[in-house]
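> Curious how this folds, go ahead:
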Amino acid sequence: MMTSTQQQQMAKSAVRAGYAQAAAGWQRWKHHFLVAGRAATEVLLLAADIHSGQRVLDLAGGAGEPGLPLARRVGPEGQVTVTDLAPEMLAVARACAAEEPHLRIAFAAADAERLPFPSAVFDRVTCRFAAMHFPNAPAALCEARRLLRPGGRAAFTVLGPPAQTPAFMCTAGVVLRYVTATSPAPGYPSPYRFAAPGVFAALMRAAGFSQVEEGVLTVPSPWPGTPEEYWRSLPDHATGLTSLLEQLSAVERAAVEAEVLAALRRYDTGDQLAFTQPMIAVTGVV
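Predicted coordinates:
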């Protein structure tokens, strides 16, 4: 029987492989992701209390969001460092940053649970919609606390309930009526493991953060395109959904597609899909 550490390492390898595979899709659809995630990024920046001149560490910042907005906010006197477990995702972020060479932003392929930085060197640690994928989330939170200077702040956002997430219910929610997904072991990576209020905040308190505050909210998350385009985009970046679709027969897949497109059209305004995203923002101070 595998130990907990071995299971976590296997989970981490799977996360790394999944995002390495999806990196090209994140590059292909980067404008769409930027539009869809803009409101959530603003929530994170406000929660983190980002100002000019700060040193910021962004965990699992993948394709450059929110790293680039952070770098714009801290300005030439500040510095942003973006980490990600998958170097392929960081390549997408570097390509985006190359379009704004004046930004003070650096990139490091690194595990959020074991970061290669000295203690107490950052003013802020941020993480947008990624903590759910850390196999050992408590270890990542302890690392975030270690790296913050006294008085420094960490800000994390995690996904809210799938049943309140139109993009999920219109796509994966339909697929899951046709095929059963394997449930992850308790505590292991899954997109909605911290969707209940209070869960992630409790982890932050256990990691030693003080003044922990939580906000539960829903923000706009529009997808600029048609229902058909959105459905076509999913295999490029949603590897978990792709594996489910591969279990369907041709007849089932046709039925799923018809249901998905009908559901997506309810959000079609003509130039975008007017999705919303429930989310939980949690902050803590060292």
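
> residues in contact with the closest residue to A167 other than its chain neighbours?
Leaving aside its sequence neighbours, A167 sits nearest to F275 (C-beta to C-beta, 6 or more residues apart in numbering; 5.0 Å). (C-beta placed from N, C-alpha, C; glycine too.) Contacts of F275 were listed using C-beta atoms under 8 Å, 6 or more residues apart in numbering, and they are A36, P166, A167, P220, S221, P222, W223, Y267.

> Recalculate using a threshold of 6 Å.
P166, A167, S221, W223, Y267 (C-beta atoms under 6 Å, 6 or more residues apart in numbering).

> same check, this time on R94
R94 neighbours (C-beta under 6 Å, 6+ apart): F107.

> likewise E77?
Taking C-beta under 6 Å, 6+ apart, one finds S52, G53 in contact with E77.

> ok so, going back, which one (most neighbours) among the contacts of F275?
W223 (23 neighbours; other C-beta atoms under 10 Å).

> Which residue is the nearest non-sequential neighbour of it?
L273 (4.3 Å).

> quick one, phi/psi of the one you found?
phi -100, psi 120 (degrees, to the nearest 10).

> Next: the one 3 residues further on.
Here is the backbone geometry of T276 (degrees, to the nearest 10): phi -130, psi 160.

> And it, how far from G25?
23 Å (C-beta to C-beta, to the nearest Å).

> Same check on F134?
Distance from F134 to G25, by C-beta to C-beta: 22 Å.

> Counting neighbours, go ahead and name the busier of these two.
F134 (26 against 19).

> what residues are up against that one?
Contacts of F134 by C-beta under 6 Å, 6+ apart are A112, A140.

> again, only using 7 Å
A112, E113, A140 (C-beta atoms under 7 Å, 6 or more residues apart in numbering).

> What of P66?
T41, L44, L45, D58, T126, R128.

> Make a markdown table from the contacts of F134 and add secondary structure, pLDDT and distance to T81 to it.
Putting the contacts of F134 into a markdown table (DSSP: H, G, I helix; E, B strand; the rest coil; pLDDT from 0 to 100; distance: C-beta to C-beta, whole Å) gives the following:
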| residue | secondary structure | pLDDT | distance to T81 |
| --- | --- | --- | --- |
| A112 | coil | 96 | 12 |
| E113 | coil | 96 | 16 |
| A140 | helix | 97 | 15 |
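
> Drop anything exposed from the residues you listed.
Those of those that meet the buried threshold are A112, E113, A140, by 16 or more other C-beta atoms under 10 Å.

> for the stretch 51-200 of the chain, which spans come out with low pLDDT?
In the predicted model of the stretch 51-200 of the chain, residues 186-187 satisfy pLDDT under 70.

> so where do the strands sit in it?
For the stretch 51-200 of the chain, the strands defined by DSSP state E, counting those that start in this stretch cover 55-58, 79-84, 105-109, 122-128, 148-159.

> Now tabulate those in a markdown table and tack on distance to T182 and mean neighbour count.
Shown next, in a markdown table, are those (distance: least, C-beta to C-beta, whole Å; neighbours: other C-beta atoms under 10 Å):
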| stretch | distance to T182 | mean neighbour count |
| --- | --- | --- |
| strand 55-58 | 31 | 26 |
| strand 79-84 | 25 | 26 |
| strand 105-109 | 28 | 18 |
| strand 122-128 | 26 | 27 |
| strand 148-159 | 19 | 21 |
